[in-house]
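Student: Task: produce atomic coordinates for the following.
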Amino acid sequence: MRIKQVFMAMTAAGVLAATFALPAAAQNRVVTIVNQTGYVMVRFYGSNKGSTSWEEDILGNDVLGGYESININFDDGTGYCIFDFKAVFSDGDEVVTKGVNVCEIPKFTYN
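Tutor: Numbering: from 1, shown residues only. I've put the predicted structure just below:
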């Protein structure tokens with residue numbers, strides 16, 4: 001009988017852990033990036049807080065015109081919610097924003 005009680009306690013603990021782990025893994029990481037600068041955004045990077053580089057340009061061959069927006073899914077499989085953003089504009093300006101919580105914000109605007 002003792003083994004059954006231990007097994008049931010372990011099973012309950014596993015279910016409890018899964019209950020708390022699932023919401024973090026299931027977080028929505030889609031953020032609308034809005035460019036309201038009037039300049040064309042020619043490159044955009046988003047790297048999770050555990051990364052040591054900017055990774056790849058998310059826009060690739062595309063650009064984000066002034067007063068346009070794009071939806072970006074920041075779910076890179078790592079489970080991170082905190083990302084650093086780097087936007088490069090056609091006038092040469094680079095804007096770096098650190099510590100953006102992509103699990104909590106639906107939109108990020110460049111003005």
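
Student: where does the chain have low pLDDT?
Tutor: Scanning the chain for pLDDT under 70 picks out 1-25.

Student: What's the separation between the residue nearest to Glu68 when sequence neighbours are not counted and Ala87?
Tutor: Excluding its sequence neighbours, the residue lying closest to Glu68 (C-beta to C-beta, 6 or more residues apart in numbering) is Asn35, at 5.7 Å. (Each C-beta comes from the backbone N, C-alpha and C, glycine too.) Per C-beta to C-beta, to the nearest Å, Asn35 is found 8 Å from Ala87.

Student: swap in Val102?
Tutor: Using C-beta to C-beta, Val102 is found at 15 Å from Ala87.

Student: cool, and Leu64?
Tutor: Separation of Leu64 from Ala87 (C-beta to C-beta): 8 Å.

Student: Same question for Lys107.
Tutor: 14 Å.
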